[in-house]
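Asker: model the following, please.
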Amino acid sequence: MARSDSGSIDQDKTPIQHHELSDDDLKQIVAEADTGGRQPTGLAAKFLLAAAIVWSLFQLWIASPLPFSLGFFILNDTESRAIHLAFAVFLAFAAYPAMKSSPRHYVPLFDWLLALAGAFCAGYLFLFYSELANRPGLPTTLDLVVAVGGMALLLEAARRALGLPMVILAVVFLIYVFFGQYMPDTIAHRGASLAKGMSHLWLSTEGVFGVALGVSAGFIFLFVLFGALLETAGAGNYFIKSAIALLGHLRGGPAKAAVVASASTGLISGSSIANVVTTGTFTIPLIKRVGYRPDKAAAVEVASSVNGQLMPPVMGAAAFLMVEYVGIPYVQVLKHAILPALISYIALFYIVHLEAMKMNLQGIPRREPLPWQRAMVSTTMTVSGLIILAAIVYFGFGWIKTLAGDASFVIIGGLMFLAYVGLIAHGARYPELHMDDPKEPMEYLPEIGPTLKSGLHFLLPVVALIWNLMVEQLSPALSAFWATMFLIFILVTQRPLFAFFRKTGHYGEAARHGVQDLITGLATGARNMIAIGIATAAAGIIVGTVTLTGVGLVMTELVEIISGGNLMVMLVMVAVICLILGMGLPTTANYIVVSTLMAPVVVELGAQTGLLVPLIAVHMFVFYFGLMADVTPPVGLASYAAAGIANSDPIRTGLTAFGYSARTAILPFMFIFNTQLLMIGIDNLWVLAMTVSSAILASLTFAAATQGWFFTRNRIHEALLLLLVTFCLFRPGYFMDMIYPPYEDVPGGQLIELAEKARANDRMRIWIEGTTIEGKEVAKGVLLPLGPATNASGEALNGRQRLAFSGLTVMAMGEDLQISGVQFGSQAERLGIEFGFVVQAVELPAERPAKEWLFIPTLLVLGLVVVMQRRRMRLAPAPAA
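Answerer: Model (predicted):
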């Protein structure tokens, strides 16, 4: 069975099943989906274990400061990418069987040969780096043999690890590279020779060994390893039990706990299928037991698990790719992504509540009732725990960095050690958490206090990660490295410390168990990365094709012709294309493909029609719709796994989950027009509070409208009013723009002066026109980032310096300004600005009432719906569905 890390499956290999899966079946699904279905014995097993551990240790080495401190084994990006892919290809052939009938308990000799050949071809850039650097673009016969063989082996590894969709897409683009002259006139190009094509795709950093694989080697591996070690330590079980203990008493409580538990484990797993099986094995039987239909119980788990791909800090590894593709810091990506992800989860939480209301379901009782005040506080803390934890770290302890400077790292390290020992000593007073048998009836919920206190030390590695990212402002790779090293320390020492504080003895056995946990975590992290490493390399074929042939411009022209220049038609078309492109692809490959092919379409066509939005908004738009393909039947393996646990039909489960995910589908359209949902353009706490509260309320009203239930069953006019309220809350500027124009034009020659006066990190709306290198006439708008208003010394920057932040230099031409230089790799270049373009006009925000005033009539309409439904409830209470 072959599938992706995001829940897709090769349908030729997996028949639809409609029976309950055993624990062994579920473990096999996860193994074949995420880590490779082959589990050999004997010497082969030890060799694969050693290879996986060596890969993890290699990634920790290149992320650490040690190579530079010791002056030993220092690798550049290209060399580390080559070694990274060599490990991934080798383990793909060794761990993933070729066919459904292939042996699972040993590795055939042919697969060993393929693994070694694939590793050699992938590592060729490392082995012969100096020789290749001295003859760029002039490949020898050996170079071409290795490139062609490596490409074939990479595609076969992708077929095994990811399924056919990724391979088919890559092969289509390869055919386009070499046979472009035979294509229809609209998309035809000269066609590349074998030497040119393979040099570009395999022997350079433009294709397979490009940015995507670099992100996989530099960032993604460390975060996946961090999640694997945290799961091995017992954090996954802790999150699930804590969510059940805190939320299980509510209406449909186990389903609500499943949403929160999936969000929590989604932070560390990065795999929807693993998320479904990890949390769903426990939660789905409980959800069914309180009265949910089997397909709805499974769909709740599927929707919440796939949503884990949207949650920072990993976002299915797409967060790190966005850093490179959009050109903004990692912390900025997290800031932009957090509100839509939370809105989506809160809406799903509310959908679960509405389903419980429809069926008049109750939760699981506690042994002792909890006062409503404590229940409210515990629910709030559970749902927004990560934000609260980040705020505590940043605002509660950030002052240490200000006072101690560079010494703060050592001080915080000491405090973390003391906190760790203290929390272990405190947790040792309570019984160790064990996952209950989901088939056994749960008469009462676990007690909140003992459950939460037994594993508080699992939060410390997350605290370390937040501290390094937000306070120390280290790179994502270095932050993950130090957090992982602290987690390794916890993994090795937690069992001996618990044994000491519980006075159970057997310290040697506890220490050996801790070391075994470390070995398991290192191996699991590496095997979890096989599919991701292969996916980023295979997706590099598509990226390389775009840079070699210019097919991205063709996509823009096609969408422009079909949409007729209509903005909404264009966005809907892009959304549908992203859904199609995303089917069957893992999250990482999914994002690379849609961002490479479709993000430029939105940027270019949007700029021509006046849709000027930050690049991150466009990338989030295509990312969300690419991910929606993970829920869309019939390709979602997550639906198959959840249906197997719930004993329901997989297609029906997938359709129900798709219905629950509709709340996610409207978000991209909302934040493409209202970028405040991405925390952009918010300059004070009042606007922040208004944005967050209105967005959450809008997601709740949309859920109520689409689920057919608010306080009682909706009537048609009430559902329409709720949809109107949703639209007005998500996009309050729509009607305000009809009354007052949002912008006024100023001559382009004033750009330098206006840039100097602009606020820090402001974006300037400018309209440019000119002729591209290809000879195409362009007239469009761009949103130009200006960066900080002062330099490191606190001195104010002038207008030209502010423009230089985005990579622009300009010179006056009468009343206009001409672009005299565009820095390579800059934001200006990403926005499609070229040398010689002329700045025609600058758009400044017009003086008008705040758009938030429209919230008042919107809330009055919402109040009217509430009054109508409450009145109907009093006169004729709705019967249970």
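Asker: going forward, measure contacts and count neighbours with C-alpha atoms only.
Answerer: OK.
Asker: strands of the chain, start to end?
Answerer: With DSSP state E as the criterion, the chain has strands at 743-747, 763-771, 777-785, 808-813, 816-822, 838-845.
Asker: in JSON lines: the ones you listed, plus distance to Leu321 and mean pLDDT.
Answerer: Output for the strands of the chain, formatted as JSON lines (distance: least, Cα to Cα, whole Å; pLDDT from 0 to 100):
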{"stretch": "strand 743-747", "distance to Leu321": "33", "mean pLDDT": "87"}
{"stretch": "strand 763-771", "distance to Leu321": "23", "mean pLDDT": "88"}
{"stretch": "strand 777-785", "distance to Leu321": "20", "mean pLDDT": "86"}
{"stretch": "strand 808-813", "distance to Leu321": "24", "mean pLDDT": "86"}
{"stretch": "strand 816-822", "distance to Leu321": "23", "mean pLDDT": "87"}
{"stretch": "strand 838-845", "distance to Leu321": "31", "mean pLDDT": "88"}
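Asker: tabulate the ones you listed (TSV), appending mean neighbour count and distance to Gly248.
Answerer: Written out in TSV, the entries for the strands of the chain read as follows (neighbours: other Cα atoms under 10 Å; distance: least, Cα to Cα, whole Å):
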stretch	mean neighbour count	distance to Gly248
strand 743-747	15	50
strand 763-771	20	46
strand 777-785	21	47
strand 808-813	18	56
strand 816-822	19	57
strand 838-845	20	49
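Asker: could those be laid out in CSV, adding distance to His426?
Answerer: CSV is the format used below for those (distance: least, Cα to Cα, whole Å):
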stretch, distance to His426
strand 743-747, 59
strand 763-771, 50
strand 777-785, 50
strand 808-813, 57
strand 816-822, 59
strand 838-845, 56
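Asker: for Ala641, which of these is the nearest?
Answerer: For the strands of the chain, the distance to Ala641 is smallest for strand 777-785, at 44.1 Å, taking Cα to Cα.
Asker: ok, back up a step: quick one: closest of the strands of the chain to Thr41.
Answerer: Between Thr41 and the strands of the chain, the shortest gap by Cα to Cα is with strand 777-785, which sits at 56.7 Å.
Asker: I'd like to know which elements the closest one is packed against.
Answerer: Packing contacts for strand 777-785, counted by 3 or more Cα pairs under 8 Å, 6 or more residues apart in numbering; DSSP states H and E, involve helix 599-609, strand 763-771, helix 827-830.
Asker: reformat those as TSV; add distance to Glu560.
Answerer: As requested, the helices and strands packed on strand 777-785 are exported to TSV (distance: least, Cα to Cα, whole Å):
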stretch	distance to Glu560
helix 599-609	7
strand 763-771	18
helix 827-830	20
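Asker: which among those is found nearest to Asp737?
Answerer: Of all those, it is helix 599-609 that lies closest to Asp737, at 15.6 Å by Cα to Cα.
Asker: what's the angle between that closest one and strand 777-785?
Answerer: Interaxial angle of helix 599-609 relative to strand 777-785 (axes from the mean of the first three to the mean of the last three Cα atoms, to 10 degrees): 100 degrees.
Asker: name the helices or strands packed onto helix 599-609?
Answerer: On the basis of 3+ Cα pairs under 8 Å, 6+ apart, helix 599-609 makes packing contacts with helix 551-563, helix 567-582, helix 615-628, strand 777-785.
Asker: could you rerun that using 7 Å?
Answerer: With contacts defined as 3 or more Cα pairs under 7 Å, 6 or more residues apart in numbering; DSSP states H and E, the secondary structure elements packing on helix 599-609 are helix 551-563, helix 615-628, strand 777-785.
Asker: looking at these, which is buried most?
Answerer: helix 615-628 (a mean of 26; mean count of other Cα atoms under 10 Å).
Asker: quick one: mean pLDDT for stretch 218-229?
Answerer: Taken as a whole, stretch 218-229 has an average pLDDT of 86.
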